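Asker: Structure for this input, please:
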Amino acid sequence: MFASRTLEEIAAVAGGPLWLQLYWLRQREPMLDLIRRAERAGYRALVLTVDAPGIAYRPRDVRNGFALPDGVRAANIDPTVMTATHSAAAGEAAIARHAREQFDSSITWKDLAWLRERTELPLVLKGVLTAEDAELAVK
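Answerer: Residues are numbered from 1 along each chain as shown. Alright, predicted model coming up:
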């Protein structure tokens, strides 16, 4: 999802099956766009990261005001979604701010059903933490 090459460029040179890793965004349209592009490019599965509605506290990134350099871009996402990754703020890492602003931590089983209705690609949930949730995911 956040690769510096497009899904299509990656598919053109890949030597094996392709799976697209997704993060649940507050804006669903960019996610749906990625899924459609992945389907057209021959990707075989979606891997939805469900345990990362934010990122871990990284004190060094905060201390240094870490932000992505201007030349590093996520080629598959509209630049407006990625704006926060490039601007440092005092006492905060840009990546953490981006996650807080763009990732939706309120994802529910109803949201996953919504996603399931929009693609026929297999859906793998990355980060399922309990046996109960694993059973619900299978259902």
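
Asker: can we go C-alpha only for contacts and neighbour counts from here?
Answerer: Fine.

Asker: Looking at the record's assignment, how would you partition this structure?
Answerer: As recorded under automatic domain parsing, the domains making up the chain are 1-53+103-139, 56-102.

Asker: next helix or strand past whichever helix in the chain runs longest?
Answerer: Ordering each helix of the chain by length in residues (DSSP state H) puts helix 28-41 first. Of the helices and strands lying after helix 28-41 in sequence (DSSP states H and E), the nearest is strand 45-49.

Asker: could I get that next one in CSV with only the CA atoms?
Answerer: The C-alpha coordinates for strand 45-49 follow below in CSV (Å, rounded to 0.1, in the frame of the first residue of the first chain):
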residue,chain,number,x,y,z
ALA,A,45,-5.1,-11.7,-2.0
LEU,A,46,-5.5,-8.8,0.3
VAL,A,47,-3.8,-8.7,3.7
LEU,A,48,-5.6,-6.3,6.0
THR,A,49,-3.5,-5.2,9.0
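
Asker: what pLDDT, on average, does that strand get?
Answerer: For strand 45-49, mean pLDDT rounds to 94.

Asker: what comes into contact with the helix or strand immediately after that strand in the chain?
Answerer: Next along the chain after strand 45-49, taking DSSP H and E as the criterion, comes helix 59-64. Here helix 59-64 makes contact (CA atoms under 8 Å, 6 or more residues apart in numbering) with Ala90, Gly91, Glu92, Ala93.

Asker: Would you mind checking those residues for buried ones?
Answerer: Neighbour-count burial (16 or more other CA atoms under 10 Å) applied to the contacts of helix 59-64 gives Glu92, Ala93.

Asker: from the contacts of helix 59-64, which single one is nearest Gly16?
Answerer: Of all the contacts of helix 59-64, Gly16 sits closest to Ala93, with 35.0 Å by CA to CA.

Asker: So that closest one is in contact with Ala67, correct?
Answerer: Yes. Contact status for Ala93 versus Ala67: in contact at 6.5 Å, counting by CA atoms under 8 Å.
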